[in-house]
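Engineer: below: sequence and its predicted model.
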Amino acid sequence: MTAYSDLSAHFGRIAALSNAIGILQWDNDVMMPRGAAETRAESMALLQVMRHGLSTDARIGGWLAAADSDGSLGAWEKANLREIRRVWTVDTALPSELVEASSKAISACEMRWRQARADADFTGLLPYLAEVLNLQRQIGRAKGEKLGLSPYDALLNDYEPGGRSTKIDALFDDLAAFLPGFTQEAMAVQARRPAQPALEGPFATATQRALGLKFMAALGYDFERGRLDISTHPFCGGADNDVRITTRYEEADFTKALMGVLHETGHALYEQGRPQGYLNQPVGGARGMSLHESQSLLMEMQACRSRQFLTYAAPLMRESFGGTGPAWESEAMWHRYTRVEPGFIRVDADEVTYPAHVILRYRLEKTLIADKMPLAELPAAWNAGMKSLLGVTVPNDRLGCLQDIHWPSGGWGYFPTYTLGAMTAAQIFDAACKADHAILPAIGKGDFSPLVGWLRANIHGKGSLLPTDDLLTEATGRPLDASVFKAHLRRRYIDEV
Ligand code: CO
């Protein structure tokens, strides 16, 4: 056995454990009877401790040192070593007391948050959230010392390997200067159109599901290695070669669940397209959360809200639900799916106003991690940001800084990946359509194979072979910037209306 093969076997065992955790987590969110919660939590906690034990195994450092001088390794093996070292450095950065204190604080804060959000009571949440924030700062400092990063960048690095706040500042400042004026412009164009006739429901859940499955198949989702179910919060999860997605149906409105399915299918296509030969190795993993979100948004926003797709999809929608009249025309469907309207809630936001929600959260969490603002001032700072970025007056904290679970659940550093993903999606889709002129016309016929073929070759099949910037530069000719995203918005919401 060489040191490399020892490492590879060891990380294969970690992946096997992660696959079991993934399916148990899916079961927890989709199928589990309520009475099993406590027993399940015990099993999950034990499996996670076992996994942490394996990923911090004392032999890993020695294996890495020996494998470094192995001259027989190819590009994928070398990249695997780089990824293994990255994961191992982060996993061994934290003392176990800090991990335990943080997980306890998060459990308490999440529980309190549900009540606080219902009551719009930030003051009630404050001491719990302060404890989570304090521990996140300590985690950021501990990881940052090992990685040579600021505490915020060290937290960000968990979701976006190689991500740096100086770069995000520049990208987001660019967007923040563009968006308020552009939103006004897009809404003025929109206001000149006649109002859209409403779609008359109800829309049976079984019909919505059947239509969702039909579109998943059109996109190229592999049903031999996954399934579609229902959960309160839609997600893509499961295990290697068992990539499951969920949605949530409303009988009064089918349009949201359907777009939700297309979004999660984008995530799933990435997972199903990872390199089979390295599926259970760190180098075979998805490149980071912004690239993951780019794959869901590429399908949902770039491909499936295009006129081409809706020309194909609208007649199928009408047929499925037995609809009649102008509300079911593809042009009406397109206007419905590209409506711009500033609001309070991030998850309900449209493509144009969504980035403002993210930029606000990013700026606030960076300030709080750096300890440059007292946490008690969060609601006021939030509301001022919503006013200046989106022009809306937040009536209470339930519709304001209490709406998301990310901060109570310790997800500091996650928010920017949503908008980095939207920008990345625009840049990748643009490059794909320029590389293969058949992609858009094929989407108009419900054929996603040219698009998915390009994504397989340039994104999915590369796993974590390259750092994100290099992957994007190879695929699109340049590192990420805001210009393609802005051009996409201008084309869709001004020029082509
Ligand atoms: Co997503």
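Structural biologist: Done, it's in.
Engineer: any idea how far residue 161 is from residue 172?
Structural biologist: The gap separating residue 161 from residue 172 is 19 Å, by C-beta to C-beta, to the nearest Å. For glycine as for every other residue, the C-beta is placed from the backbone atoms N, C-alpha and C.
Engineer: actually residue 67, not the one I typed
Structural biologist: Remark: distance between residue 67 and residue 172 (C-beta to C-beta) = 39 Å.
Engineer: can you tell me the element the spatially most central residue of the chain falls in?
Structural biologist: Centroid-nearest residue in the chain: residue 293, 3.9 Å away (criterion: C-alpha atoms, centre = their mean). Assigned by DSSP states H and E, residue 293 falls within helix 289-297.
Engineer: run the chain-centre distance for that helix.
Structural biologist: When distances are taken as C-alpha atoms, centre = their mean, to the nearest Å, helix 289-297 is centred 6 Å away from the chain's centroid.
Engineer: pLDDT of whichever helix or strand comes after it, averaged?
Structural biologist: As assigned by DSSP H and E, the chain's next helix or strand after helix 289-297 is helix 307-321. Across helix 307-321, the average pLDDT comes to 97.
Engineer: tell me the buried residues in helix 307-321?
Structural biologist: 307, 308, 309, 310, 311, 312, 313, 314, 317, 318, 320, 321 (16 or more other C-beta atoms under 10 Å).
Engineer: quick check: the third one vs residue 419, distance?
Structural biologist: The reference is to residue 309. Distance, residue 309 to residue 419, using C-beta to C-beta: 23 Å.
Engineer: with the fourth one instead?
Structural biologist: According to C-beta to C-beta, residue 310 and residue 419 sit 24 Å apart.
Engineer: count of residues packed around residue 434?
Structural biologist: The number of residues packed near residue 434 is 11, by other C-beta atoms under 10 Å.
Engineer: give me the three-state assignment for it.
Structural biologist: helix (DSSP: H, G, I helix; E, B strand; the rest coil).
Engineer: and residue 410, what does it touch?
Structural biologist: By C-beta atoms under 8 Å, 6 or more residues apart in numbering, the residues touching residue 410 are 102, 105, 106, 132, 135, 136.
Engineer: now secondary structure, pLDDT and neighbour count too, for those residues, in a markdown table please.
Structural biologist: Shown next, in a markdown table, are the contacts of residue 410 (DSSP: H, G, I helix; E, B strand; the rest coil; pLDDT from 0 to 100; neighbours: other C-beta atoms under 10 Å):
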| residue | secondary structure | pLDDT | neighbour count |
| --- | --- | --- | --- |
| 102 | helix | 93 | 19 |
| 105 | helix | 94 | 21 |
| 106 | helix | 94 | 19 |
| 132 | helix | 98 | 24 |
| 135 | helix | 97 | 21 |
| 136 | helix | 98 | 24 |
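Engineer: for these, which one is nearest residue 404?
Structural biologist: Proximity of the contacts of residue 410 to residue 404 (C-beta to C-beta) peaks at residue 132, which lies at 13.2 Å.
Engineer: and the helices in the stretch 101-250 of the chain?
Structural biologist: Assigned by DSSP state H, counting those that start in this stretch, the stretch 101-250 of the chain shows helices spanning 122-147, 151-159, 165-191, 205-219.
Engineer: quick revisit: mind listing what's buried in the helix holding residue 293?
Structural biologist: Residues of helix 289-297 classed as buried: 289, 290, 291, 292, 293, 294, 295, 296, 297 (neighbour count, 16+ other C-beta under 10 Å).
Engineer: what's the neighbour count on residue 53?
Structural biologist: 11.
Engineer: now residue 29
Structural biologist: Per other C-beta under 10 Å, the neighbour tally for residue 29 reads 18.
Engineer: and if you look at residue 272?
Structural biologist: Counted with other C-beta under 10 Å, residue 272 comes out at 21.
Engineer: likewise for the one 4 residues further on?
Structural biologist: Other residues within reach of residue 276 by the criterion other C-beta under 10 Å amount to 11.
Engineer: gap between it and residue 460?
Structural biologist: Applying C-beta to C-beta, the value for residue 276 to residue 460 is 11 Å.
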